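Novice: Give me coordinates for this.
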Amino acid sequence: MMERTMRLNDWDGYWGLRVAECPCDVHFVEWLEENAITGKTIFHFGSGGHHYVGIRCAEPELNNAVLSINASSPDYDAFMKLAKEQPELLHSYTCYFGDIYTTNAKLLPRFDVVTLFHSCEFRSEKNDAYGALTDLEVMELFVDQLDPGGHVLFYTGSFAFETAKPVIAALEKSRPVEKVGLFKTLLVYRKKA
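Specialist: Numbering: from 1, shown residues only. Next comes the predicted model:
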């Protein structure tokens, strides 16, 4: 039997809510509130160990359903603890562990809002070992799952935002999206009808 040498490209750390360092999740919830986006289905890239978006969106004022992905075992462990202690959250929030670059559209629902805050942060040659998608392919996949009129948001404060800019520009050419503008640290696009 052949020995397997590939391994999931995960992140081995815990990410707490560090608003001064990374305010994207807080700004996202503020964007939802300011735009009265309620009762929608959201995909969130990178829950962090704080699971702020899922917890806040479960509140009656927002009442959004959130599916989130996380590639950090400690952050996912925090979700399992949260689920055990507050099972009522599972009615509107779930987080799964995995590599976003292996996403299969057949396993996804349709979305009204997609956050791709961590685009270009984690893709490397390690992902190539198991045939992972590129950043553009991930963006295209999630825009394809987005209902017309829905929004896709990026985080301008990401350490990889300069790398993501040309990929976002390529997305503008390959998919029917239009730039809406900035909201605090977030770059907002809308899928054309």
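Novice: Tell me which strands the longest strand along the chain pairs with, and in which orientation.
Specialist: With secondary structure taken from DSSP state E, the chain has its longest strand at strand 146-155. In the sheet, strand 146-155 lines up against strand 111-115 (parallel), strand 186-191 (antiparallel) (DSSP bridges).
Novice: Quick check: which of those strands is buried the most?
Specialist: The highest mean neighbour count among the strands paired with strand 146-155, using mean count of other C-beta atoms under 10 Å, belongs to strand 111-115: a mean of 23. C-betas here are computed from N, CA, C, even on glycine.
Novice: can you give me the offset of stretch 62-76 from its chain's centre?
Specialist: 8 Å (C-alpha atoms, centre = their mean, to the nearest Å).
Novice: Name the residues of it that are buried.
Specialist: L62, N64, A65, V66, L67, S68, I69, N70, A71, S72, D75, Y76 (16 or more other C-beta atoms under 10 Å).
Novice: Please narrow those to those residing in strands.
Specialist: Cross-referencing these against strands under DSSP E gives A65, V66, L67, S68, I69, N70.
Novice: List the contacts of the longest strand of the chain.
Specialist: Counting contacts by C-beta atoms under 8 Å, 6 or more residues apart in numbering, the residues outside strand 146-155 that touch it are 22, 24, 28, 31, 110-119, 139, 142-143, 161, 164, 168, 177, 180, 185-193.
Novice: avg pLDDT for that strand?
Specialist: Averaged over strand 146-155, pLDDT sits at 98.
Novice: Mean pLDDT per helix and strand in the protein: which one sits at the bottom?
Specialist: Least confident helix or strand of the chain, by mean pLDDT, DSSP states H and E, is helix 125-128 with a mean of 84.
Novice: Lowest-confidence entry in the ones in strands among the buried residues of stretch 62-76?
Specialist: pLDDT across these is lowest for N70, at 92.
Novice: quick one, what contacts it?
Specialist: G46, S47, G48, Y76, F79, C95, Y96, F97, G98.
Novice: Can you give me the separation between it and L82?
Specialist: Using C-beta to C-beta, to the nearest Å, we find N70 at a distance of 12 Å from L82.
Novice: Tell me which residue is most central in this structure.
Specialist: F45 (1.5 Å; C-alpha atoms, centre = their mean).
Novice: re earlier: distance to L90 and mean pLDDT added to the strands paired with strand 146-155, as CSV?
Specialist: Shown next, in CSV, are those (distance: least, C-beta to C-beta, whole Å; pLDDT from 0 to 100):
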stretch, distance to L90, mean pLDDT
strand 111-115, 19, 98
strand 186-191, 27, 98
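Novice: Using TSV, lay out the ones you listed together with distance to Y155.
Specialist: Output for the strands paired with strand 146-155, formatted as TSV (distance: least, C-beta to C-beta, whole Å):
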stretch	distance to Y155
strand 111-115	8
strand 186-191	6
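Novice: Those: which one's closest to T156?
Specialist: strand 186-191 (5.5 Å; C-beta to C-beta).
Novice: roughly how far is the closest one from the heart of the chain?
Specialist: In this view, strand 186-191 has its centroid 13 Å away from the chain centroid, taken as C-alpha atoms, centre = their mean.
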